[in-house]
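Q: Sequence and predicted structure, then a few things I'm wondering about:
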Amino acid sequence: MAKGWEVHGGSLRVYFSYKGELCREPLGLDPTEEHQHYAEGLAATIRHEIKQGTFDYSQRFPDSNKLKHNTVGAWLDLWLPIKERQVAPSTIIGYRRWVERHIRPKWGGVQADRIDALDVEAWTTTELAVLSNKSIKEVLSIFNQVFVLYRQRNRSAFNPVEGVRVTLPDDEDPDPFSLDEIKTFLSTPTHRPGDLNYAAFAIWCGPRPSEALALGWDDVDLDNNLLLIRRAVVLQVYKATKTKRSKRVVDLVKPAREALQRQFELTGHLPPIEIDVLQRDNRTVRKERFRPVFINQATGRPYLDIKQYRKSFWERHIEKTGVRYRGPSNCRHTFASQMLTANADKQWILDQLGHTTEAMLRRKYSKYIREDDRQSRVERANKALGFD
């Protein structure tokens, strides 16, 4: 063994330590004395090259299985099935999109240990430059996770993505609908009142779009102005709520309750259907009987993604109203902002939304709508100062 060669399966192979790993490469030679001397010399040469830093694995063993298993493409093929067991189907779809559009075409056939940080930096400023900084960061996050996996096998390996930094722009301010815009949107006539009821409910209750579309009549208690949010639907997959806190009981303010009362006349009589609900472990599936509150009035079937609702109803209706376009996800922002403007209790708003921190409320969802406050803050200030 100390000579750097051994007989395996009736033929010679050399072995050597490279980057902290014992490597064995078959030579395809019979173990004759002449071939043994050759193998011993080759092993000595390889050890010298490794010591000098000149060893090139692909030149010495171009057909090595080790090389095939060491390409970025091979590590991507290992990483993706692992992530499939860990994340939601909608998330893995996004991962696959970034992998197949950007990572594999550039790096799939490259040896993982041949990539350095400068290569990655150059990539972000050339091929990836067409993407937004947020998208670049998502691509690099995936690439980094692949190298984290690679280092679990090759513990001394360098991660070329680790030091690459992408600066994100400041978050855009929330852009909620004003009361006048809400009134215009909800009062514009339509032959699809059920789809308009969805908008009214979403604006005045504030669920995530995926949660609102997965709402069932068994989750609604109109007598006590309450409803239970316990599932969501994204890209045709029903699933448990995003987090444990996202499963919550919320209160119904008057316009949200009225929207559900109108909707009950349209869908409250529909028979239940059986659906598969993916649990938060992203593996367990439970069957549930589901009486959908909101359906696509054009098809009579439940919406399976907010994009369906946007394309089927929202875009045409908002164009008809003349209200400046914002997508249906803006309903959640509008609820938070209208409640903040009305000086509602912030903890109550957080509970309604399924969040924990006021910082999240202000940063992501809410904005004080000055035009809707009707001078009330000035009036409250005058009263507090004794000037009323």
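A: Done, it's in.
Q: for the nearest residue to residue 229 once chain neighbours are set aside, what are its contacts?
A: In space, and not counting its chain neighbours, residue 229 is closest to residue 211: 5.0 Å by CB to CB, 6 or more residues apart in numbering. C-beta: built from backbone N, CA, C; applies to glycine. Counting by CB atoms under 8 Å, 6 or more residues apart in numbering, residue 211 touches 229, 231, 232, 241, 246.
Q: next one: the helix or strand containing residue 211 to chain centre, how far?
A: Using DSSP states H and E, residue 211 maps to helix 209-213. Taking the mean of its C-alpha atoms, helix 209-213 sits 16 Å from the chain's own mean (CA atoms, centre = their mean, to the nearest Å).
Q: moving C-terminal of it, what's the next helix or strand?
A: strand 220-221.
Q: Report the strands that pair with that next one, each with its relative direction.
A: Here strand 220-221 is paired, per DSSP bridges, with strand 226-229 (antiparallel).
Q: What residues of the partner strand count as buried?
A: Going by neighbour count (16 or more other CB atoms under 10 Å), the buried part of strand 226-229 is 227, 229.
Q: neighbouring contacts of that strand?
A: Contacts for strand 226-229 (CB under 8 Å, 6+ apart): 205, 207, 211, 215, 219-221, 241, 246-252, 260, 354.
Q: Quick check: helices, which of those are part of them?
A: Counting by DSSP state H, the part of these found in helices is 205, 211, 260.
Q: Between those residues, which sits nearest residue 123?
A: The closest of these to residue 123 turns out to be residue 211 (CB to CB; 37.7 Å).
Q: Beyond the longest strand anywhere in the chain, next helix or strand please.
A: If you go by DSSP state E, the chain has its longest strand at strand 11-18. Next helix or strand after strand 11-18 toward the C-terminus (DSSP H and E): strand 21-26.
Q: Please list all residues in contact with residue 36.
A: 3, 5, 12 are the contacts of residue 36 under CB under 8 Å, 6+ apart.
Q: Toward the C-terminus, what is the element adjacent to the strand or helix carrying residue 256?
A: Using DSSP H and E, residue 256 maps to helix 254-267. Next helix or strand after helix 254-267 toward the C-terminus (DSSP H and E): strand 273-278.
Q: List of residues touching that following strand?
A: 88-89, 231, 237-240, 284-292, 302.
Q: buried sites along that strand?
A: For strand 273-278, using 16+ other CB under 10 Å, the buried residues are 275, 277, 278.
Q: measure the nearest residue to residue 239 once chain neighbours are set aside to residue 284 for me?
A: Excluding its sequence neighbours, the residue lying closest to residue 239 (CB to CB, 6+ apart) is residue 278, at 4.1 Å. According to CB to CB, to the nearest Å, residue 278 stands 7 Å off from residue 284.
Q: Count the neighbours of residue 332 for me.
A: Around residue 332 there are 25 other residues, counting by other CB atoms under 10 Å.
Q: what's the answer for the one 3 residues further on, then?
A: Residue 335 sits with 25 neighbouring residues when counted by other CB under 10 Å.
Q: Which residue comes closest to it once chain neighbours are left out?
A: With CB to CB, 6+ apart, the residue lying closest to residue 335 is residue 206, at 3.2 Å.
Q: what's the one you found in contact with, if anything?
A: Per CB under 8 Å, 6+ apart, neighbours of residue 206: 250, 331, 332, 335, 336, 339, 352, 353.
Q: Could you work out the most separated pair of these?
A: Maximum distance among those (CB to CB): 14.2 Å, for 250 and 331.
Q: Name the residue in these two with the higher neighbour count.
A: residue 331 (27 against 20).
Q: check which helix or strand covers that one.
A: helix 330-341.
Q: so what secondary structure elements neighbour that helix?
A: Packing partners of helix 330-341 (3 or more CB pairs under 8 Å, 6 or more residues apart in numbering; DSSP states H and E): helix 193-205, helix 346-353.
Q: where do the helices sit along the stretch 101-250 of the chain?
A: 104-107, 117-125, 133-153, 179-187, 193-205, 209-213 (DSSP state H, counting those that start in this stretch).
Q: for the last one, what is the average pLDDT?
A: Confidence over helix 209-213 (mean pLDDT, whole number) is 96.
Q: what do you get for the third one?
A: Taken as a whole, helix 133-153 has an average pLDDT of 91.
Q: quick one: it to helix 117-125, angle?
A: Relative orientation of helix 133-153 versus helix 117-125 (axes from the mean of the first three to the mean of the last three CA atoms, to 10 degrees): 150 degrees.
Q: ok and helix 133-153 relative to strand 21-26, angle-wise?
A: Using the same axes, to 10 degrees: helix 133-153 against strand 21-26 is 80 degrees.
Q: Show residues contacting helix 133-153.
A: Outside helix 133-153, the residues touching it (CB under 8 Å, 6+ apart) are 72, 75-76, 78-79, 82-83, 94-95, 98-99, 102-103, 107, 112, 120, 124, 128, 131, 157, 159-162, 164, 166-169.
Q: Quick one: distance of that helix to the chain centre.
A: Here helix 133-153 shows a centroid-to-chain-centroid distance of 14 Å under the convention CA atoms, centre = their mean.
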